[in-house]
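S.K.: Return atomic coordinates for the entry below.
(chains A and B)
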Number of protein chains: 2
Amino acid sequence: MENELISTAQIEQLIDSKNVKEIRHLFEVVPEIDLAEACADMEDPKKIVFILKTVKSEFTAQFFTELPPEIKEEIVKYLSDDQLADILESQFTDDIVDDLEELPANVVTRVLKNVDKQRRTTINRLLHYEEQSAGSIMTTEYVALLNDISCDDAIRQIRKTGKNKETIYTLFVMDRKRNLVGTLDLDDLIFADGDTKVSEIMNKDFNTVNVNDDQEEVANIVKRYDLNAIAVLNNDGRLIGIITIDDIVDVIEEEQTEDISKLQMVTPLEDSYLETSVGQMAKKCVPWIVVLLILGTFSSLVLSKFEAKLTMLPILAAFIPVIMDTGGNAGGQTIALMIRGLALKEFAPKDFFKILRKEALSAAIIAVLIGIFGFIWFSIEQYFGIVSNGASIWQGNCWTGEFAAQVFKTSGLVAGTLAIAIFLSKMVAVLLPMGAAAIKKDPAIVSQPLLTTIVDVSSLLIYFGIASLIFTL
Amino acid sequence: MENELISTAQIEQLIDSKNVKEIRHLFEVVPEIDLAEACADMEDPKKIVFILKTVKSEFTAQFFTELPPEIKEEIVKYLSDDQLADILESQFTDDIVDDLEELPANVVTRVLKNVDKQRRTTINRLLHYEEQSAGSIMTTEYVALLNDISCDDAIRQIRKTGKNKETIYTLFVMDRKRNLVGTLDLDDLIFADGDTKVSEIMNKDFNTVNVNDDQEEVANIVKRYDLNAIAVLNNDGRLIGIITIDDIVDVIEEEQTEDISKLQMVTPLEDSYLETSVGQMAKKCVPWIVVLLILGTFSSLVLSKFEAKLTMLPILAAFIPVIMDTGGNAGGQTIALMIRGLALKEFAPKDFFKILRKEALSAAIIAVLIGIFGFIWFSIEQYFGIVSNGASIWQGNCWTGEFAAQVFKTSGLVAGTLAIAIFLSKMVAVLLPMGAAAIKKDPAIVSQPLLTTIVDVSSLLIYFGIASLIFTL
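M.R.: Here you go, the predicted model:
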């Protein structure tokens, strides 16, 4: 009952034995993505070509779409112009455009040569929309109905023209002047009386997006109103395409990948991980490490400046890691909350002061709690000699008044610095993403490593600043 | 044409002036979520009660669902049992269950008292499915068709029974023994000849999930096959509910929030950010900071152990921040790639060695590049005296042979340590999430701060280890 994943070996065997009947049967019952994944692992692309020549193109259209670009490129070489035209004929225009964006120029030329003129115009137009715009993900295959026909006529028209459309669950209603005047859900049409006019049951208050809108905004609208498809208008307000929920799911995931990549300061990969070359990967990583390394110079400067103090009071060095890490960690938590809150529209830049007050309050509580815990923990560390050694200022582990005073002074210094660093870091972690969002920039611009670097410098300055005050060095 | 967001003031004014006609009109044309958000900001919950009493419950069902839990709780107090029953009547069972999970016990009791017996049984059952299981997000309102009826009869049945169902775009086909034998897309039904039997056009190879399956697995199947809805079976293989694409979108976002929260080591919030109290927020953050602080002790130990070396060669201290940060930053990039790759099913634990080889190769390239850049950069820092001061072992900035040798030795030490740390960190960043995935644990278990802490200790050990070798201290 449940479908089992098909294996590469199974398909290869069918191809090798030229079992055309069974191959055709497979394409009728197994989901295209499973077949495409199994075939992607084949060593010889000619085997896939055999499939494309054997199975009717209406069954292979989606299969072809799901193949990885490097395999498509290989396959296209082995196809005649007629065969290529045949495959393209059955594909949705937005899928062809996605393919063309990934294929080399000579293949693009061949593909464009093999679609009819009208489609070529559409494809060329879609190819020119900016990446991540509504236009770049829309499809032009939708069902348009006139507003003055009856529901029975509408169903008749859908039966006649809807078959090769991307969706018939949302229908787009036009007046006689070709203005979009409503949308109609197929279920409302099904439930309506056959004589009712489409204009009577359509949604007159419906959402549209502009072709240049960012795909993330489109996704937010579709999610918010639980839409199945949304209309895309050009600058003149004319309907030129639609975006369906399955493409929105891809957008949501793409945006999430982008957020998490930026958060960890790696340029988002353009292809999937396995398709990205090692050299590409280094290119996505190295520049950011270099930037952070250069920014790290400020921390080195601070430590260099206080070198004399470190030499006189070496135990200060032992707490540098904890000072450096804790602020960054605490701020990182806030960044996660900010980025997700903004992405999910739980709050907006207008809520800035509400968020700042809330985060300041919780940061203060966290700072105090960690300060108290830290004071106790650092005292224990010193009491048991975990931190401190022969070269330290303490004379052994004998709990004298002077020793105790030194222990508590040091613990107080470290714990106090931590508390301040935590508070500061969480405030920076609110200010930067919310500030970026307020000026319409990507809030994910503030990565965890960048925050850490900023907080490191300030924490070290605070640490040695207070140290200079309480230990007259 | 495009709908404008409605303001709280607008609605309040209509309520204050008891403009029933206009309020009813609003609920027919404005999306429920917009109305709910506007009403959520009202000071007086009685105003919402007025709406619920004025507008027909078929228009307020979704509106009620979208209200925040604390407002629902308030409102329920002001409703009579009849009014409550009336509102619940129009709601989808899965929405009621979601509400009940957030409302206090006394309200739950009242709600359960006011639904009919059959529904109460369903709700009770749904309430007992584990959080994040398929059962916890499914709905029981689906259309089931018999496989031996004609398409015309099927459409007739949908018209009669489909109205209060969550979706009619995917229909579930049963044999006479109530076994699920297929699914049917509404568009296939629309395009089919009226006399055709349902069994002839239904999908016989369809996906199902078990009621105990994790919601993330369900989401992966729905995304992979671009489904509109999926069947949920109990352990006996009987259809007991369905999950629709709009709920899957919520799951995708919830899982993403969880990933990013775990990555930054903060317990995911249960409610939205603005609904979470300051105390709750501290509770989600503090434990992790404490854990990291305690783990940080190992770094302190290392520094404590090498305190004598730091005193003799203070310039070593100045490079501690860069050593500590760079490894963590480089590994963090890899973590981002791993978590997204696994979440998007771009690869699976079986690809472990492929990934390890790829990441090892790119890590080696990155390590060498950063090593070379670091060597040059650290030499410049020392040459211009940015790092180094009077207390250092260098005698001023005069470029003598001895000075040059010391500069290059130090740069070599730091750059070499960085290269090793980068490589190590990226390897740990592959091993931990892939290892977790291999034993079916959540790969997001490896947070950025945890990786940083692990890498810190090893980098510092390597740093001072090499330092001890090349500077005979």
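S.K.: use CA for all of it now, contacts and neighbours both
M.R.: Noted.
S.K.: Can you give the domain ranges for chain A?
M.R.: A:3-128, A:144-252, A:278-470 (automatic domain parsing).
S.K.: any chance of the ones you listed in JSON lines, plus distance to chain B?
M.R.: Below are these laid out as JSON lines (distance: least, C-alpha to the nearest C-alpha, whole Å):
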{"stretch": "domain A:3-128", "distance to chain B": "6"}
{"stretch": "domain A:144-252", "distance to chain B": "5"}
{"stretch": "domain A:278-470", "distance to chain B": "5"}
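S.K.: so which of these comes closest to residue B:178?
M.R.: Among the domains of chain A, domain A:3-128 comes nearest to residue B:178, with 19.9 Å by C-alpha to C-alpha.
S.K.: now the helices for the stretch 101-250 of chain A?
M.R.: Along the stretch 101-250 of chain A, the segments classed as helices by DSSP state H, counting those that start in this stretch run A:105-113, A:117-127, A:134-137, A:151-161, A:186-191, A:198-201, A:215-224, A:245-263.
S.K.: Next SSE downstream of the longest helix that chain A contains?
M.R.: Taking DSSP state H as the criterion, chain A has its longest helix at helix A:401-438. Sequence order places helix A:448-470 as the next helix or strand after helix A:401-438, per DSSP states H and E.
S.K.: Can you list the buried residues in that next one?
M.R.: Using 16 or more other C-alpha atoms under 10 Å in any protein chain shown as the test for burial, helix A:448-470 gives A:448-464, A:467.
S.K.: ok, and what's touching stretch A:256-264?
M.R.: Residues outside stretch A:256-264 that contact it (C-alpha atoms under 8 Å, 6 or more residues apart in numbering or on different chains) are A:267-268, A:339, A:444-449, B:256, B:260, B:329, B:332-333, B:336-337, B:340.
S.K.: what mean pLDDT does that stretch have?
M.R.: Averaging pLDDT along stretch A:256-264 gives 89.
S.K.: Relative to the whole chain's centre, how far out is it?
M.R.: 6 Å (C-alpha atoms, centre = their mean, to the nearest Å).
S.K.: Dump that stretch to CSV, restricted to CA.
M.R.: Extracted C-alpha coordinates of stretch A:256-264, given in CSV (Å, rounded to 0.1, in the frame of the first residue of the first chain):
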residue,chain,number,x,y,z
GLN,A,256,15.6,29.4,6.4
THR,A,257,18.9,28.1,4.9
GLU,A,258,19.9,31.7,4.2
ASP,A,259,19.2,32.8,7.8
ILE,A,260,21.1,29.9,9.4
SER,A,261,24.0,30.4,6.9
LYS,A,262,24.3,34.1,7.6
LEU,A,263,24.0,33.5,11.4
GLN,A,264,27.0,31.2,11.2
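S.K.: looking at the helices of the stretch 101-250 of chain A, which is buried most?
M.R.: Neighbour counts (mean count of other C-alpha atoms under 10 Å in any protein chain shown) averaged over each of the helices of the stretch 101-250 of chain A peak at helix A:134-137, with a mean of 26.
S.K.: So what touches it?
M.R.: Here helix A:134-137 makes contact (C-alpha under 8 Å, 6+ apart) with A:94, A:126-130, A:209-215, A:218, A:232, A:241, A:243, A:247.
S.K.: Which strand or helix spans residue A:86?
M.R.: Assessed by DSSP H and E, residue A:86 sits inside helix A:81-89.
S.K.: Only the buried residues of that helix, if you could.
M.R.: For helix A:81-89, by 16+ other C-alpha under 10 Å, it's A:83, A:84, A:85, A:86, A:87, A:88, A:89.
S.K.: elements contacting that helix?
M.R.: Helix A:81-89 is packed against helix A:57-66, helix A:105-113, with contacts defined by 3 or more C-alpha pairs under 8 Å, 6 or more residues apart in numbering or on different chains; DSSP states H and E.
S.K.: Need the contact partners of stretch A:238-253.
M.R.: Contacts of stretch A:238-253 (C-alpha under 8 Å, 6+ apart): A:134-135, A:137-142, A:166-167, A:178-180, A:215-216, A:218-219, A:222, A:227-234, B:223, B:226, B:249, B:344.
S.K.: weakest of the helices and strands packed on helix A:81-89 in terms of mean pLDDT?
M.R.: Among those, helix A:105-113 carries the lowest mean pLDDT (a mean of 79).
S.K.: And that one, what does it pack against?
M.R.: helix A:81-89.
S.K.: quick one: average confidence on the helix it packs on?
M.R.: In this model, helix A:81-89 has a mean pLDDT of 80.
S.K.: That one to helix A:117-127, inter-axis angle?
M.R.: Note on geometry: by axes from the mean of the first three to the mean of the last three C-alpha atoms, to 10 degrees, helix A:81-89 and helix A:117-127 are set 60 degrees apart in direction.
S.K.: Just the C-alphas of helix A:81-89, formatted as PDB.
M.R.: Extracted C-alpha coordinates of helix A:81-89, given in PDB (Å, rounded to 0.1, in the frame of the first residue of the first chain):
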ATOM      1  CA  ASP A  81      15.900  18.400 -31.300                       C
ATOM      2  CA  ASP A  82      12.600  16.800 -31.700                       C
ATOM      3  CA  GLN A  83      13.000  14.700 -28.600                       C
ATOM      4  CA  LEU A  84      14.000  17.700 -26.600                       C
ATOM      5  CA  ALA A  85      11.100  19.700 -27.900                       C
ATOM      6  CA  ASP A  86       8.800  16.800 -26.900                       C
ATOM      7  CA  ILE A  87      10.000  16.800 -23.300                       C
ATOM      8  CA  LEU A  88       9.900  20.500 -23.000                       C
ATOM      9  CA  GLU A  89       6.400  20.600 -24.300                       C
END
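S.K.: so how far is it from its chain's centroid?
M.R.: Worked out by C-alpha atoms, centre = their mean, helix A:81-89 lies 34 Å from the chain centre.
S.K.: List the contacts of residue A:40.
M.R.: Neighbouring residues of residue A:40 by C-alpha under 8 Å, 6+ apart: A:67, A:68, A:71.
S.K.: surely the last one meets residue A:46?
M.R.: It stands for residue A:71. No - with contact defined as C-alpha atoms under 8 Å, residue A:71 does not reach residue A:46; the gap is 10.3 Å.
S.K.: Mind listing the shared neighbours of those two?
M.R.: Contacts common to residue A:71 and residue A:46, judged by C-alpha under 8 Å, 6+ apart, are absent.
S.K.: Identify whichever of the helices and strands packed on helix A:81-89 lies nearest to residue A:304.
M.R.: The nearest among the helices and strands packed on helix A:81-89, by C-alpha to C-alpha, is helix A:105-113 at 54.6 Å.
S.K.: which is the next helix or strand following the helix or strand harbouring residue A:284?
M.R.: Of the helices and strands defined by DSSP H and E, residue A:284 is found in helix A:278-295. Going down the chain from helix A:278-295, the next helix or strand is helix A:297-305, by DSSP H and E.
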